[in-house]
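K.L.:
Output the structure for:
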Amino acid sequence: MKQIGYGLGGRVFVITGGSRGIGLELARRLLKDEGANVVLCARKQEGLDRAAADLDAGDSLLALPVHVAREEEVAALFQRARERFGRVDVLINNVGMNLMTPSTAAAGPATWQKIIDTNLNGTYLCSCGAAQIMKEQGRGRIVNLSSIAARRAAPGMGIYSVAKAGIESLTRVLAIELAPDNIQVNAVAPSMVKTGFSMPFWSNQEVHDEIVRGIPLGRLAEPADIVEPVLFLCSEGASFITGQVINVDGGATII
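P.N.:
Numbers count the residues shown, from 1 in each chain. As a prediction, this is how the structure comes out:
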């Protein structure tokens, strides 16, 4: 894929769930091609260590272990980000998790809470932390990673779908509330992306082929397919876009 410059040099990004998959590729593009500064967070230190070694970005990268559903850890994340870089220009709420739940009604409260906490509550807490800083600065961008599962129920993804639907609603609510502070809030909703997160699906050839049959462009998304729309929403080219959810799904939601 041909890479496009977005004019993001010198800006400070916080990326959640950034040790692998889409988050890691976002960090790579921002650091290597855009000249941005990145605060990368994930739950496990070992994953962050691998990501930091892979990115090899020196002082432009700060990697922190954070559980985004824990208020005190999120507060510390934004404090460290501001101490290191002086500001936060963009938050990318990329973190996500799913536990296979063939029956949502029978999954149980603990499973429900774990999925909702990481996906929806984590997005809420991080957005609050970023918004506080962005209000003081007089500008900012928040980009949330949703999924077409928010509007299309799928087997094994019931609670995840509910959480992503909540993220899309939160995107619209925050867009209205934060617009007077010059903070734009948007979301990107991919179909299945070929990452480790979705490997249980696409690694099975029969399941893979069934999924691809429902995508007019005839393939699964790669991380780079999602990275570019996210970066566009962070750029000046998107300066009059807020409260929107952009489907990046190869046409899956039009059939």
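K.L.:
C-alpha from now on. contacts and neighbour counts both.
P.N.:
Will do.
K.L.:
what residue ranges in the stretch 1-150 of the chain score low on pLDDT?
P.N.:
1-4 (pLDDT under 70).
K.L.:
The same query, at a cut-off of 90, please.
P.N.:
Applying pLDDT under 90 to the stretch 1-150 of the chain flags the ranges 1-5, 98-102.
K.L.:
hey, where'd the helices end up in it?
P.N.:
21-28, 45-55, 71-85, 109-116, 122-137 (DSSP state H, counting those that start in this stretch).
K.L.:
Tabulate those helices (JSON lines), appending mean neighbour count.
P.N.:
Converted to JSON lines, the helices of the stretch 1-150 of the chain look like this (neighbours: other C-alpha atoms under 10 Å):
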{"stretch": "helix 21-28", "mean neighbour count": "23"}
{"stretch": "helix 45-55", "mean neighbour count": "15"}
{"stretch": "helix 71-85", "mean neighbour count": "17"}
{"stretch": "helix 109-116", "mean neighbour count": "16"}
{"stretch": "helix 122-137", "mean neighbour count": "20"}
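K.L.:
So the residue nearest to the spatial centre of the chain versus Gly17, what's the distance?
P.N.:
Closest residue to the average C-alpha location of the chain: Asn94 at 1.8 Å, with C-alpha atoms, centre = their mean. Using C-alpha to C-alpha, to the nearest Å, Asn94 is found at 6 Å from Gly17.
K.L.:
moving C-terminal of the lengthiest helix in the chain, what's the next helix or strand?
P.N.:
Secondary structure assigned by DSSP state H gives helix 158-178 as the longest helix of the chain. Using DSSP states H and E, the helix or strand that follows helix 158-178 in sequence is strand 183-190.
K.L.:
Please state the backbone phi and psi of the residue nearest to the centre of the chain?
P.N.:
phi -100, psi -20 (degrees, to the nearest 10).
K.L.:
circling back: can you work out which residues contact both of Asn94 and Gly17?
P.N.:
Gly23 (C-alpha atoms under 8 Å, 6 or more residues apart in numbering).
K.L.:
returning to what we had before: isn't the residue nearest to the centre of the chain right up against Leu145?
P.N.:
Yes: assessed by C-alpha atoms under 8 Å, Asn94 is found in contact with Leu145 at 5.2 Å.
K.L.:
picking up where we left off before, name the residues of the longest helix of the chain that are buried.
P.N.:
Of all the residues in helix 158-178, those buried under the rule 16 or more other C-alpha atoms under 10 Å are 158-168, 170-172, 174-175, 178.
K.L.:
quick one: contacts of that helix?
P.N.:
Counting by C-alpha under 8 Å, 6+ apart, residues outside helix 158-178 touching it are 97-99, 101-104, 112, 115-116, 119-120, 123-124, 131, 144, 146-147, 149-154, 183-187, 242-245.
K.L.:
now it: how far from the chain's centre is it?
P.N.:
Distance of helix 158-178 from its chain centroid, counting by C-alpha atoms, centre = their mean, to the nearest Å, is 13 Å.
K.L.:
mean confidence for it?
P.N.:
If you average the pLDDT over helix 158-178, you get 97.
K.L.:
The contacts of helix 158-178, buried ones only, as a PyMOL selection?
P.N.:
Applying 16+ other C-alpha under 10 Å to these leaves a buried subset, and the PyMOL line that selects it is:
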select buried, resi 98+101+104+112+115+116+119+120+123+124+131+144+146+147+149+150+183+184+185+186+187+242+243+244+245
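K.L.:
hmm, back to that, right, and the helices of the stretch 1-150 of the chain - which one's nearest Val207?
P.N.:
helix 21-28 (20.4 Å; C-alpha to C-alpha).
K.L.:
Check the offset of that closest one from the chain's centre.
P.N.:
Worked out by C-alpha atoms, centre = their mean, helix 21-28 lies 10 Å from the chain centre.
K.L.:
Contacts for it next, please.
P.N.:
So helix 21-28 is contacted by 15-18, 38, 40, 51, 55, 94-95, 195-197, 223-224, 226-227 (C-alpha under 8 Å, 6+ apart).
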